[in-house]
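1. Just to be clear, the model below is a prediction. Sequence and coordinates:
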Amino acid sequence: EVVKVVRTKTLLQVHSHAEGYFNRLQREGKGHLIPPPGKGGGVNAWTAEEHDRFLVGLSTHGREWPEVVKVVRTKTLLQVHSHAEGYFNRLQREGKGHLIPPPGKGGGVNAWTAEEHDRFLVGLSTHGREWPEVVKVVR
């Protein structure tokens, strides 16, 4: 019997997986293995108004990112998720981790297999944080 592996990870799923993987590396004292972030600022910089709408969406919908995107209106799903990651990291640094909403349900259809994680690592080592390129390797 041939087992077909369906490679269906989205850009957001790869980015979310990277976030968890980077957090684990930090906890294990291996933060030096994390590739540097890509260029920030510029066209995709968040305005105060967008951040305020993000906070409203976060308080209303928690980590239901598609719903938060609807409240923000001017950012993509990946941009909102990435902004949340940075915001949550800042809250942790400031000792306000209790303000971070709990993660949503894990596992299920979007759970990562060992093979997908291995492909993620290959994509990460090859392309750094160029998430669209990493997605191509994971798929």
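-> The structure has been received and is ready for your questions.
2. what's the distance between Ala48 and Val137?
-> According to C-beta to C-beta, to the nearest Å, Ala48 and Val137 sit 37 Å apart. C-beta coordinates here come from the backbone N, C-alpha and C atoms, glycine included.
3. Can you tell me the SS state at the residue sitting nearest the centre point of the chain?
-> The chain has Ser16 as the residue nearest its centroid, 3.1 Å off, counting by C-alpha atoms, centre = their mean. What DSSP: H, G, I helix; E, B strand; the rest coil gives for Ser16 is helix.
4. residue contacts, it?
-> Ser16 makes contact with His81, according to C-beta atoms under 8 Å, 6 or more residues apart in numbering.
5. Arg53 sits in which helix or strand?
-> Here Arg53, judged by DSSP states H and E, is contained in helix 48-61.
6. which residues sit against that helix?
-> Contact with helix 48-61 is made by 46, 67-75, 80, 83-84, 87, 101, as judged by C-beta under 8 Å, 6+ apart.
7. hmm, try it at 7 Å
-> For helix 48-61, the external contacting residues (C-beta atoms under 7 Å, 6 or more residues apart in numbering) are Glu67, Val68, Val71, Val72, Arg73, Thr74, Lys75, Val80, His83, Pro101.
8. Max pairwise distance over those: which two?
-> The span of those, defined through C-beta to C-beta, is set by Thr74 and Pro101 at 21.6 Å.
9. pull the CA atoms of the strand or helix carrying Val135 into CSV?
-> Element membership of Val135 [criterion: DSSP H and E] is helix 131-138. Extracted in CSV, the C-alpha atoms of helix 131-138 (Å, rounded to 0.1, in the frame of the first residue of the first chain):
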residue,chain,number,x,y,z
TRP,A,131,8.0,32.3,4.2
PRO,A,132,6.5,31.9,0.7
GLU,A,133,9.7,30.1,-0.3
VAL,A,134,9.6,27.9,2.9
VAL,A,135,6.0,27.0,2.1
LYS,A,136,7.0,25.7,-1.3
VAL,A,137,9.5,23.3,0.4
VAL,A,138,7.1,22.2,3.1
